[in-house]
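**Student:** sequence and predicted structure are below.
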Amino acid sequence: MGILEKISEIEKEIARTQKNKATEYHLGLLKAKLAKYRSQLLEPSKSAANKGEGFDVMKSGDARVALIGFPSVGKSTFLSLMTSTASEAASYEFTTLTCIPGVIEYKGANIQLLDLPGIIEGASQGKGRGRQVIAVARTSDVVIMMLDATKGEVQRSLLEMELESVGIRLNKRKPNIYFKPKKGGGISFNSTVPLTQCSEKLVQLILHEYKMFNAEVLFREDCTPDEFIDVIVGNRVYMPCLYVYNKIDQISMEEVDRLARQPYSVVISCGMKLNLDYLLEMLWENLALTCIYTKKRGERPDFGDAIIMRKGASVEHVCHRIHRTLTSQFKYALVWGTSTKYSPQRVGLTHNMEHEDVIQVFKK
Ligand SMILES: Nc1nc2c(ncn2[C@@H]2O[C@H](COP(=O)(O)OP(=O)(O)OP(=O)(O)O)[C@@H](O)[C@H]2O)c(=O)[nH]1
Ligand SMILES: [K+]
Ligand SMILES: [Mg+2]
């Protein structure tokens, strides 16, 4: 039996198994098996068809955003609208066949936007260019899942499943479980909170399925068996995702209102240029970028040229960005802005910067 058949067998068995206390271990084990086979699907195949030709676009700028969606939802129209790159758009499916990069300039940051071929059900198993598209999505900082507002909700759940099945976790935090494989000593299991979804026995069963017999496990939150499996499998990516409903010029106001109220959702019309500013704001928030301005002694801050950092970046990160050797010469810094109690404040390398702070570095 091939891997795909095995996967579909297990999925069927999970579907027909009733979820209750008595089947808890059986289901846990099935899920562990399923995750194992799915991860085998991810392993690179040797056939030429799966090579990433036309997809290996260099990362550039301060962050990367991938456009994922069914064919003809308006991905290329969106790229052409938001960047100075033109990507061919047309009313037939699979117009775009490779990865087309553009740049969104926003708040002084360069955000790389990637237009990609449309993907369909079965993409993660290699249908169409699904695997290459998803591989690109994995390398991005935020996924924009573009949906056709005139089509049903099923589009969204299908795509979510495709991404889930290759280890991409959308709008989820990494489970707070400490896990360390050991050389000996068996499995030590502890938790700092009451567990309602996993037990020591289930954790052992799952670990045995992965041929792990010695490990330290500490649950710091009430996780599900699936979340535990994610931790032991390890190659998961946790990624913010914006659900962008395009073509709202084609649906009723009531429907627009309903879609706009869903979590992580933004409604737009590329055709009528509706709500694109709000989408950029949401994108910025999800990218969690921070602008830092530098200032030289006796001069005004350089507001024309921001240093773009990840949220939570420290003075050390900023110094490293200004010049590779600056941290070794660092004496102290003065910081103006919301990260300090008073402005300016004298800070060390570990101080965390906030959006639009100004920094002046003093060398030894
Ligand atoms: N009514 C309406 N049509 C739109 C809108 N945005 C895009 N379209 C149309 O939708 C069709 C598909 O647009 P594309 O940009 O080619 O879609 P795509 O997602 O890149 O398609 P593929 O590359 O084939 O996957 C084109 O005919 C566009 O003119 C919109 O906001 N409203
Ligand atoms: K199209
Ligand atoms: Mg396209």
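**Tutor:** Arrived safely, thanks for sending. Ligands and ions are numbered 1, 2, ... in the order given.

**Student:** what about stretch 246-265 and ligand 2, touching?
**Tutor:** No: counting by C-beta under 5 Å from the ion, ligand 2 has no neighbours in stretch 246-265; the shortest distance is 11.9 Å. Using the backbone N, CA and C atoms, a C-beta is placed for each residue, glycine as well.

**Student:** could I get that stretch in CSV with only the CA atoms?
**Tutor:** Provided in CSV are the C-alpha atoms of stretch 246-265 (Å, rounded to 0.1, in the frame of the first residue of the first chain):
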residue,chain,number,x,y,z
ASN,A,246,-11.9,39.6,-2.6
LYS,A,247,-14.6,40.6,-5.1
ILE,A,248,-17.0,42.0,-2.5
ASP,A,249,-18.4,44.2,-5.4
GLN,A,250,-20.3,41.0,-6.4
ILE,A,251,-22.1,40.3,-3.1
SER,A,252,-24.7,41.9,-0.8
MET,A,253,-23.9,44.3,2.0
GLU,A,254,-25.2,41.8,4.5
GLU,A,255,-22.8,39.2,3.2
VAL,A,256,-19.9,41.6,3.3
ASP,A,257,-20.7,42.5,6.8
ARG,A,258,-20.9,38.9,7.9
LEU,A,259,-17.5,38.0,6.3
ALA,A,260,-15.8,41.1,7.7
ARG,A,261,-16.8,40.1,11.3
GLN,A,262,-15.0,36.8,11.2
PRO,A,263,-11.7,36.6,13.0
TYR,A,264,-8.5,37.4,11.0
SER,A,265,-10.7,38.3,8.0
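
**Student:** for it, buried residues please.
**Tutor:** 246-248, 251, 256, 259, 265 (16 or more other C-beta atoms under 10 Å).

**Student:** and that stretch with ligand 1, contact?
**Tutor:** Yes: judged by C-beta under 6 Å from any ligand atom, stretch 246-265 comes into contact with ligand 1 at 246-247, 249-250.

**Student:** just put the residues you listed in a markdown table and tack on distance to Leu279, pLDDT and secondary structure.
**Tutor:** Supplementary listing: the residues of stretch 246-265 next to ligand 1 in a markdown table, determined by distance: C-beta to C-beta, whole Å; pLDDT from 0 to 100; DSSP: H, G, I helix; E, B strand; the rest coil:
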| residue | distance to Leu279 | pLDDT | secondary structure |
| --- | --- | --- | --- |
| Asn246 | 10 | 98 | strand |
| Lys247 | 14 | 98 | coil |
| Asp249 | 15 | 98 | helix |
| Gln250 | 18 | 97 | helix |
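
**Student:** closest to ligand 3 out of those?
**Tutor:** Distance to ligand 3, by C-beta to the ion, is smallest for Asn246 among these, at 11.9 Å.

**Student:** contact partners for the closest one?
**Tutor:** Shown in contact with Asn246 (C-beta atoms under 8 Å, 6 or more residues apart in numbering): 73-74, 77-78, 146-149, 268-270.

**Student:** right, I'll leave it there.
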